[in-house]
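Trainee: Fold the following and give me the result.
(chains A and B)
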Protein chains: 2
Amino acid sequence: MRSLVMTSQNASRIPAISRFMSSQTPDKDYVFRQLFDNRTYTYTYILADTQSKEAIIIDPVLEMAPRDAAIVEELGLKPIFGVNTHVHADHVTGTGDLKKYFPNMKSVIAEVSKAKADKFINHGDVLNFGKFSLECRSTPGHTDGCFSFVWHDKKMAFTGDALLIRGCGRTDFQQGDAKKLYKSVHDHILSLPAETLLYPAHDYTGQTVSSVEEENKYNKRLTKPVEEFVKIMDNLNLPYPKEIDRALPANMVCGYNAAPRS
Amino acid sequence: MRSLVMTSQNASRIPAISRFMSSQTPDKDYVFRQLFDNRTYTYTYILADTQSKEAIIIDPVLEMAPRDAAIVEELGLKPIFGVNTHVHADHVTGTGDLKKYFPNMKSVIAEVSKAKADKFINHGDVLNFGKFSLECRSTPGHTDGCFSFVWHDKKMAFTGDALLIRGCGRTDFQQGDAKKLYKSVHDHILSLPAETLLYPAHDYTGQTVSSVEEENKYNKRLTKPVEEFVKIMDNLNLPYPKEIDRALPANMVCGYNAAPRS
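Mentor: Okay, the predicted model is just below:
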């Protein structure tokens, strides 16, 4: 049966400071939550250190910010970074709206994206949260400012639109470059240890996770030679993204001041 | 960008025996995958023993069976049980179709459901897969034949429609009984160790997991006294399930011989 969808009204009724602590991974030193937006097929991730409760939110979606805020508050977490893997074209980021719930949270995006944000990252930078850290890897090709984030401690990587499960992001707009994408993914994602779990920004088939080993073996595009890959990407003939004209300007300022979809 | 959705055609091209092995949990002795059906908001779960590769599939959906079969084959798993938490009213089970891919897989359902299946379970039964086992707990109330499954080793429970994240299954048709549901959930799910992760059969808000601790604290219905809970459930005024007339007869034979949705 259909549960009540949270609204900003009921989200704000949740006590801001909670002693409650849980995680997707019990008896562990970290919290991990994967969240889905049914409308844009976007995955949002919450990572946190159980002890300090410092958290990172990756790729929140504007319309889902009240849900995300409620979960963060129920879990008693303190978000310090709201990370955008890139300037999304298919939805407006939630990092702007989440700053209203969590004023200490900084929006983060690649410096090369030329978007506005509280904090800019470059290849090799590290985002610390509690006792953990995320390594920032530049993985351009879908856009120039695409980054992937590696949580070495937990053998997880968050790949944005660079690598999708058995697929990859399109390369036909926003500085898209198939050859560049191929190199990025092979150099900085598929070269990670085989058991590394890969969490993409989207999935359209209901899959939630993959691994480096699986994608090296079964990715329908990236297992091909580069020339064949470029040909595949050049011939996808995908429709113009429905929300791009609304999403790009809002995402160039990390969703700050963005109004929810009317 | 939109990936290709798998079809039974390309699923069947994947080699039946694969030496490849991975899991949602690297360096572990088990495989765990959560899969989503965007149309009916249903979660399907794959659990397996890394060593023997014996697997259990919980609540597959007919139309997604080719996807599920492809993943199972790519991961090199051997499904031995296709478990239905109950006779679903909102979609046709995939256990019938998956038997075509995996002839050694047995469909499983509660004896009290009076549905046809290869194997019937009763409260307290155990389903073994490799070195692991799932405890079967009768949790009626949404339907009489609702079961939850506890993977004690991994502190996970699969709750079907008895308990949903911050909610619960409806109790207004198919032997629904709010008072019975309340007792089932409190006696057999919310009494599990606090850190137990709870995986429901559905979520309509994009959440993937909860825990006993969270639901004991934040469930919007089941934290109320029983009388108030019954009142809430009696006043939901939910629409008649769209697919019930197609789903029930098919699910009473565990999807065996069910035709995909036209």
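
Trainee: quick check: mean pLDDT across stretch A:173-180?
Mentor: Stretch A:173-180 shows a mean pLDDT of 92.

Trainee: quick check, A:His186 in a helix?
Mentor: Yes: assessed with DSSP: H, G, I helix; E, B strand; the rest coil, A:His186 lies in a helix.

Trainee: Please look at it and A:Leu222 and confirm they touch.
Mentor: Yes: judged on C-beta atoms under 8 Å, A:His186 makes contact with A:Leu222 at a distance of 7.2 Å. Placement of C-beta: from N, CA and C, glycine included.

Trainee: for the stretch 151-262 of chain A, what spans make up the helices?
Mentor: With DSSP state H, counting those that start in this stretch, the ranges of helices along the stretch 151-262 of chain A come out as A:178-188, A:212-218, A:226-234, A:244-251.

Trainee: Turn the ones you listed into TSV, columns for distance to B:Gln51 and mean neighbour count.
Mentor: As requested, the helices of the stretch 151-262 of chain A are exported to TSV (distance: least, C-beta to C-beta, whole Å; neighbours: other C-beta atoms under 10 Å in any protein chain shown):
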stretch	distance to B:Gln51	mean neighbour count
helix A:178-188	31	20
helix A:212-218	17	20
helix A:226-234	36	15
helix A:244-251	46	18
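
Trainee: nearest to B:Lys114, of these?
Mentor: With C-beta to C-beta as the measure, helix A:212-218 is the member of the helices of the stretch 151-262 of chain A nearest B:Lys114 (40.2 Å).

Trainee: Which neighbouring elements make contact with the closest one?
Mentor: helix B:65-74 (3 or more C-beta pairs under 8 Å, 6 or more residues apart in numbering or on different chains; DSSP states H and E).

Trainee: Can you name the residues of the stretch 51-200 of chain A sitting close to chain B?
Mentor: A:64, A:67, A:71, A:74-75, A:155, A:161, A:164-170, A:195-197 (C-beta under 8 Å from any C-beta of the partner chain).

Trainee: Mind giving me the PyMOL select for those, buried ones only?
Mentor: Selecting only the buried entries of those in PyMOL, with 16 or more other C-beta atoms under 10 Å in any protein chain shown as the criterion:
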select buried, chain A and resi 64+67+71+74+75+155+161+164+165+166+167+168+169+170+195+196+197
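
Trainee: Filter the residues of the stretch 51-200 of chain A next to chain B down to the ones in strands?
Mentor: Secondary structure from DSSP state E places A:Leu164, A:Gly167, A:Cys168, A:Leu197 of those in strands.

Trainee: Report pLDDT for the first one.
Mentor: The predicted local distance difference test score for A:Leu164 is 98.

Trainee: Equivalent analysis for the last one, please.
Mentor: At A:Leu197 the predicted local confidence, pLDDT, stands at 95.

Trainee: Look up the closest residue to it, ignoring the ones flanking it.
Mentor: Nearest residue to A:Leu197, sequence neighbours excluded (C-beta to C-beta, 6 or more residues apart in numbering or on different chains): A:Met156, at 4.9 Å.

Trainee: how close does the one you found sit to B:Ile121?
Mentor: The gap separating A:Met156 from B:Ile121 is 35 Å, by C-beta to C-beta, to the nearest Å.

Trainee: Give the other helices and strands that the host helix or strand of A:Thr44 contacts.
Mentor: If you go by DSSP states H and E, A:Thr44 is part of strand A:42-49. Here strand A:42-49 touches strand A:30-37, strand A:54-58, helix A:65-74, strand A:126-129, strand A:132-138, strand A:197-200, going by 3+ C-beta pairs under 8 Å, 6+ apart.

Trainee: could these go into a markdown table alongside distance to B:Val230?
Mentor: Below are these laid out as a markdown table (distance: least, C-beta to C-beta, whole Å):
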| stretch | distance to B:Val230 |
| --- | --- |
| strand A:30-37 | 31 |
| strand A:54-58 | 37 |
| helix A:65-74 | 25 |
| strand A:126-129 | 43 |
| strand A:132-138 | 45 |
| strand A:197-200 | 40 |
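
Trainee: Quick one: residues contacting the residue nearest the centre of chain A.
Mentor: Residue closest to the average C-alpha location in chain A (C-alpha atoms, centre = their mean): A:Asp59, at 3.6 Å. Counting by C-beta atoms under 8 Å, 6 or more residues apart in numbering or on different chains, A:Asp59 touches A:Thr42, A:Tyr43, A:Thr44, A:Tyr45, A:Val83, A:Asn84, A:Thr85, A:His88, A:Thr93, A:Phe158, A:Gly160, A:Ala201.

Trainee: who wins for most neighbours among the residues you listed?
Mentor: A:Thr93 (33 neighbours; other C-beta atoms under 10 Å in any protein chain shown).

Trainee: Could you find the closest non-adjacent residue to it?
Mentor: Closest to A:Thr93 by C-beta to C-beta, 6+ apart is A:Gly255, at 3.9 Å.

Trainee: who's in contact with the one you found?
Mentor: A:Leu62, A:Val92, A:Thr93, A:Gly94, A:Thr95, A:Gly96, A:Asp97, A:Ser107.

Trainee: one more time with 6 Å, if that's ok
Mentor: A:Leu62, A:Val92, A:Thr93, A:Thr95, A:Gly96 (C-beta atoms under 6 Å, 6 or more residues apart in numbering or on different chains).

Trainee: And the pLDDT for it?
Mentor: The model's pLDDT for A:Gly255 equals 87.

Trainee: is it true that A:Ala48 touches A:Phe32?
Mentor: No: counting by C-beta atoms under 6 Å, A:Ala48 does not reach A:Phe32; the two are 8.0 Å apart.

Trainee: who has more neighbours, these two?
Mentor: Applying other C-beta under 10 Å to A:Ala48 and A:Phe32 shows that A:Ala48 carries more neighbours, namely 28 against 18.

Trainee: what sits opposite that one in the beta ladder?
Mentor: Beta-bridge partners of A:Ala48, counted by DSSP bridges, are A:Val31, A:Ala55.

Trainee: Any figure for the gap between it and A:Ala258?
Mentor: 25 Å.

Trainee: do A:Ala89 as well
Mentor: 14 Å.

Trainee: In what element of secondary structure is the residue lying closest to A:Val253 once chain neighbours are set aside found?
Mentor: Distances taken as C-beta to C-beta, 6+ apart put A:Lys116 closest to A:Val253, at 4.6 Å, once the chain neighbours are dropped. According to DSSP H and E, A:Lys116 maps onto no helix or strand at all.

Trainee: Give me the phi and psi angles of A:Lys116.
Mentor: Dihedral pair for A:Lys116: phi -80, psi 140, per degrees, to the nearest 10.

Trainee: A:Pro200 reaches A:Arg166, doesn't it?
Mentor: No: assessed by C-beta under 6 Å, A:Pro200 is found out of contact with A:Arg166, at 10.0 Å.

Trainee: Please report phi then psi for A:Leu98.
Mentor: Backbone phi and psi, for A:Leu98 under degrees, to the nearest 10, turn out to be phi -70, psi -30.

Trainee: my read: it touches A:Asn84, true?
Mentor: No: A:Leu98 is beyond contact range of A:Asn84, at 11.3 Å (criterion: C-beta under 6 Å).

Trainee: Between the two ends of stretch A:115-124, how far is it?
Mentor: 19 Å (C-alpha to C-alpha, to the nearest Å).

Trainee: And it, what's buried?
Mentor: A:Ala115, A:Ala117, A:Lys119, A:Phe120, A:Ile121.

Trainee: now stretch A:139-158
Mentor: A:139-151, A:154-158.

Trainee: Among the residues you listed, which lie within strands?
Mentor: Those of those lying in strands (DSSP E): A:Phe147, A:Ser148, A:Phe149, A:Val150, A:Trp151, A:Met156, A:Ala157, A:Phe158.
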